[in-house]
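Enquirer: coords below, sequence missing:
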C-alpha cells in the first residue's frame with residue numbers, strides 16, 4: 001500500500017489574544033486562525049497548539065462566551081465548525097485539551113495555560129491520550145517559587161492511521177523561559193535555550209518520549225523557547241537523536257540561531273518553535289512555513305509566533321508484527 005503523505009501544524013496561538021497584545025482573547029482572531037487552517041491545501045492531519053486557555057478573566061473579558069462553562073478551545077472549535085460550514089465542507093477535527101496551570105486570586109480566575117491537539121479523525125483513530133493527567137516536565141530551579149512558576153507539561157497521544165493501522169505518537173509541549181536565578185544566565189549573551197532549567201526540561205521530555213513511543217514513530221512539537229545552535233536544540237538533536245523537520249528538508253541551518261525567526265517581540269526576532277521526529281518518520285517538505293513577519297503568509301499578524309507546517313511519510317515497522325487498521329468512523 002502506498003504511503004500517503006501526512007501533514008502537521010504546530011502553532012503558538014498566544015491565547016487568541018494577539019489583537020490586544022495578549023491581554024485578552026477576542027472572537028476575531030479565532031475566526032481568522034480557523035479560516036487560515038481551513039485554507040491549507042492539503043488540510044493538516046494533526047494540529048498542535050500552544051498557549052490555549054481553559055476559562056479565566058483574560059479569556060472571556062473581551063469575548064462573550066456562548067455559555068458560562070465554555071472553554072477557549074470550545075469557542076475556537078465553534079469557529080472551526082462555522083468556517084467549514086461556510087465552505088460547505090465537513091469539519092474533520094476532534095479537539096483535545098491538556099491543562100497546564102491556573103492563576104487565581106482567591107476564587108477569581110485570572111488566567112490559565114494549556115495545550116491542545118486537533119486530530120483529523122478521517123485520517124487517524126485516537127488510541128490513547130493523557131488529557132486527564134498530562135506529564136509534568138517543569139524544572140523548579142528555586143524551590144520557594146515552586147507554586148508561582150508556570151507549570152510546563154507534555155501532551156501525548158497515540159494515533160492509528162486509518163488506512164493501515166500504523167501507529168504514530170504525537171507529543172506537544174512548551175518549555176520554560178531560561179531562569180535568571182542561575183549564574184550561567186548572566187554569563188552568556190545568548191539567553192534563550194541556554195537555561196539550566198530548560199536543559200532539565202529537555203531531558204525530561206526526551207525521557208518521556210522514548211518511554212511512551214517505545215520504538216514506534218513519533219513527532220514532538222512545540223514552543224521550545226530555544227533557537228537552533230542552542231544547548232537545548234543540540235541536546236535534542238545530538239544526544240536525544242531527534243530529527244528536526246526544517247533541518248531535514250534544508251529550510252534552516254542548525255548552526256544559525258537567527259536565520260529563520262518563528263516568533264517576534266517588539267523589534268526582536270527569534271527562532272523558538274520546532275517539530276522533531278523519530279522512528280519511522282520521513283520529512284518531505286515544510287511548504288507554507290514562513291518566517292515571522294512575512295506579510296504574504298495567511299497567518300501574518302494572528303499571533304506573536306508563526307506556525308510550522310510540514311509534510312511527512314510514515315514508514316512501516318520492520319521488526320513488529322503486522323498491524324490492523326482501526327474500524328471505520
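Expert: Now that the structure is in, tell me what you want to look at. Not measured: the values here are computed from a predicted model.

Enquirer: okay, CA-based contacts and neighbour counts for the rest of this
Expert: Fine.

Enquirer: pull the number of nearby residues for residue 26.
Expert: 22 (other Cα atoms under 10 Å).

Enquirer: what do you get for residue 89?
Expert: Neighbourhood size, residue 89 [other Cα under 10 Å]: 11.

Enquirer: that one belongs to a strand?
Expert: No: applying DSSP: H, G, I helix; E, B strand; the rest coil, one finds residue 89 to be coil, outside a strand.

Enquirer: residues contacting it?
Expert: Residues near residue 89 by Cα atoms under 8 Å, 6 or more residues apart in numbering: none.

Enquirer: and the pLDDT at it?
Expert: pLDDT for residue 89: 97.

Enquirer: pull the contacting residues for the nearest residue to residue 122 once chain neighbours are set aside.
Expert: Spatial nearest neighbour of residue 122, excluding adjacent residues (Cα to Cα, 6 or more residues apart in numbering): residue 92 at 6.2 Å. Going by Cα under 8 Å, 6+ apart, residue 92 touches 119-122.

Enquirer: between those residues, which has the most around it?
Expert: residue 119 (23 neighbours).

Enquirer: where is the longest helix in this structure?
Expert: In the chain, assigned by DSSP state H, the helix with the most residues is helix 196-213.

Enquirer: that older thread, which members of the contacts of residue 92 are positioned in strands?
Expert: 119-120 (DSSP state E).

Enquirer: which of the contacts of residue 92 lies closest to residue 266?
Expert: Nearest to residue 266, judged by Cα to Cα, of the contacts of residue 92 is residue 119 at 33.3 Å.

Enquirer: pretty sure that closest one is touching residue 94, no?
Expert: Yes: between residue 119 and residue 94 there is a contact at 5.3 Å, judged by Cα atoms under 8 Å.

Enquirer: residue 261 versus the residue nearest to residue 122, what's the distance?
Expert: 31 Å (Cα to Cα, to the nearest Å).

Enquirer: and for residue 32?
Expert: 22 Å.

Enquirer: residue 115 sits in which helix or strand?
Expert: Element membership for residue 115 (DSSP states H and E) is strand 108-120.

Enquirer: related to what we said a few turns ago, quick one: list the elements packing against the longest helix of the chain.
Expert: Other elements packing on helix 196-213 under the criterion 3 or more Cα pairs under 8 Å, 6 or more residues apart in numbering; DSSP states H and E are helix 231-234.

Enquirer: who does the following helix or strand past the helix it packs on pair up with?
Expert: Counting by DSSP H and E, the next helix or strand C-terminal to helix 231-234 is strand 243-244. Strand 243-244 has the following strand partners under DSSP bridges: strand 273-278 (antiparallel).

Enquirer: now the strand it pairs with: mean pLDDT?
Expert: 98.

Enquirer: give the buried residues for it.
Expert: 273-278 (16 or more other Cα atoms under 10 Å).

Enquirer: residues in contact with that strand?
Expert: 10, 217-227, 241-246, 262-263, 308.

Enquirer: buried sites along stretch 290-306?
Expert: Those would be 290-293, 297-306, for stretch 290-306 by 16+ other Cα under 10 Å.

Enquirer: quote the end-to-end distance of that stretch.
Expert: Start-to-end, stretch 290-306 (Cα to Cα) is 7 Å.

Enquirer: still on that earlier bit, from the chain's centre, how far out does the longest helix of the chain sit?
Expert: 16 Å (Cα atoms, centre = their mean, to the nearest Å).

Enquirer: tell me the helix or strand right after that helix.
Expert: strand 218-223.

Enquirer: ok so, going back, from the buried residues of strand 273-278, pick the one nearest residue 312.
Expert: Distance to residue 312, by Cα to Cα, is smallest for residue 277 among these, at 9.9 Å.

Enquirer: what's the neighbour count on the nearest residue to the closest one once chain neighbours are set aside?
Expert: Using Cα to Cα, 6+ apart and skipping residues adjacent in sequence, the residue nearest residue 277 is residue 219, 4.4 Å away. Using other Cα under 10 Å, residue 219 has 23 other residues around it.

Enquirer: let me know the next secondary structure element after the worst-scoring helix or strand of the chain on mean pLDDT.
Expert: In the chain, the helix or strand scored least confidently by mean pLDDT, DSSP states H and E is helix 57-60, which has a mean of 43. Sequence-wise, the next helix or strand downstream of helix 57-60 (DSSP H and E) is helix 72-86.
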